[in-house]
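Asks: okay, predicted coordinates and the sequence, questions at the end:
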Amino acid sequence: MGKLFYIIGKSSTGKDTIFQSLLENRELGLRPLVLYTTRPMRVGETQGVQYHFTDETGLKELQNAGKVIELRAYQTVCGVWKYFTADTEATDLEKYNYITVGVLESFRAVRSYYGEERVVPLYIEVEDGERLQRALDRERAQEKPQYAEMCRRFLADSEDFSEEKLQEAGISRKFYNRVLKDCLEEIQICLKESLVQGKNSGV
């Protein structure tokens, strides 16, 4: 049986870049578990890569089919944006190992759904000043920058990823993304060890 590596962290910590790098590492042989969202697609994003971009109708169809594992709704300055995980035919943890990006709440729901032994957290951290600069640079690159929403997310992260909540979720190990290359090397070592343990234990 396979494992699902779950990348978690505050906004602008490099999660998407790390996700893509690990996904492209053929030695690891990971497949993407892509989450869904009703928010608009950003510049540089691709349908089915960062997210499955859908709307309320698409969400309702998956809910009616019993495919939605977890669902989160956020009141933003641009309206309500929803993010969710769906168990579709594209995911087969009986045969393959997967990797995805999400938030703490979704990680806990997915781990409860698939089992603690199969869902491995990868918590990424960046110093707040550097993280804020990265967020600003990214927002400036958008066709219609949403600076108010950027600030809301930055402040909300402090509460959403408090030490208390991390401990409650059983997350103790952190990967510091000061230098991307070094961070990736540390994560790759962790993944290889976990995959070997899984094979030896039959999980």
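Replies: Noted; the coordinates are in hand.

Asks: helix/strand/coil for the closest residue to residue 53 other than its chain neighbours?
Replies: Spatially, and ignoring its direct neighbours in sequence, residue 53 is nearest to residue 41 (5.1 Å; Cβ to Cβ, 6 or more residues apart in numbering). C-beta here means a position set from N, CA and C on the backbone, and glycine is covered the same way. Following DSSP: H, G, I helix; E, B strand; the rest coil, we place residue 41 in the coil state.

Asks: correct me if wrong: residue 41 contacts residue 47.
Replies: Yes - between residue 41 and residue 47 there is a contact at 7.1 Å, judged by Cβ atoms under 8 Å.

Asks: overlap in contacts, those two.
Replies: Residues touching both residue 41 and residue 47 (Cβ atoms under 8 Å, 6 or more residues apart in numbering): residue 53.

Asks: do you have the strands of this structure handy? List them.
Replies: 4-9, 31-32, 36-37, 52-53, 68-76, 79-86, 98-102, 119-125, 174-176 (DSSP state E).

Asks: got a pLDDT number for the residue nearest to residue 108 when sequence neighbours are not counted?
Replies: Closest residue in space to residue 108, ignoring its immediate chain neighbours: residue 169 at 5.5 Å, by Cβ to Cβ, 6+ apart. With respect to pLDDT, residue 169 has a value of 94.

Asks: residue contacts, residue 169?
Replies: 104, 107, 108, 121.

Asks: next step: these restricted to helices.
Replies: 104, 107, 108 (DSSP state H).

Asks: only the buried residues of stretch 77-84, if you could.
Replies: Neighbour-count burial for stretch 77-84 flags 82, 83, 84 (criterion: 16 or more other Cβ atoms under 10 Å).

Asks: can you check stretch 115-131 too?
Replies: 118, 119, 120, 121, 122, 123, 124, 125, 126, 131.

Asks: with pLDDT and distance to residue 197 as added columns, please give those in CSV.
Replies: Output for these, formatted as CSV (pLDDT from 0 to 100; distance: Cβ to Cβ, whole Å):
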residue, pLDDT, distance to residue 197
118, 92, 12
119, 94, 14
120, 95, 10
121, 96, 15
122, 97, 15
123, 97, 19
124, 97, 22
125, 96, 24
126, 95, 28
131, 94, 32
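
Asks: tell me which other helices or strands the helix or strand of the chain with the lowest mean pLDDT touches.
Replies: Among the helical and strand segments of the chain, the one scoring lowest on mean pLDDT, DSSP states H and E is helix 180-201, with a mean of 87. When contacts are defined as 3 or more Cβ pairs under 8 Å, 6 or more residues apart in numbering; DSSP states H and E, helix 180-201 sits against helix 15-23, strand 119-125, strand 174-176.

Asks: sheet partners, orientation included, of the second one?
Replies: Going back to what we said before, that points to strand 119-125. Within its sheet, and counting by DSSP bridges, strand 119-125 is paired with strand 4-9 (parallel), strand 174-176 (parallel).

Asks: cool, thanks, signing off.
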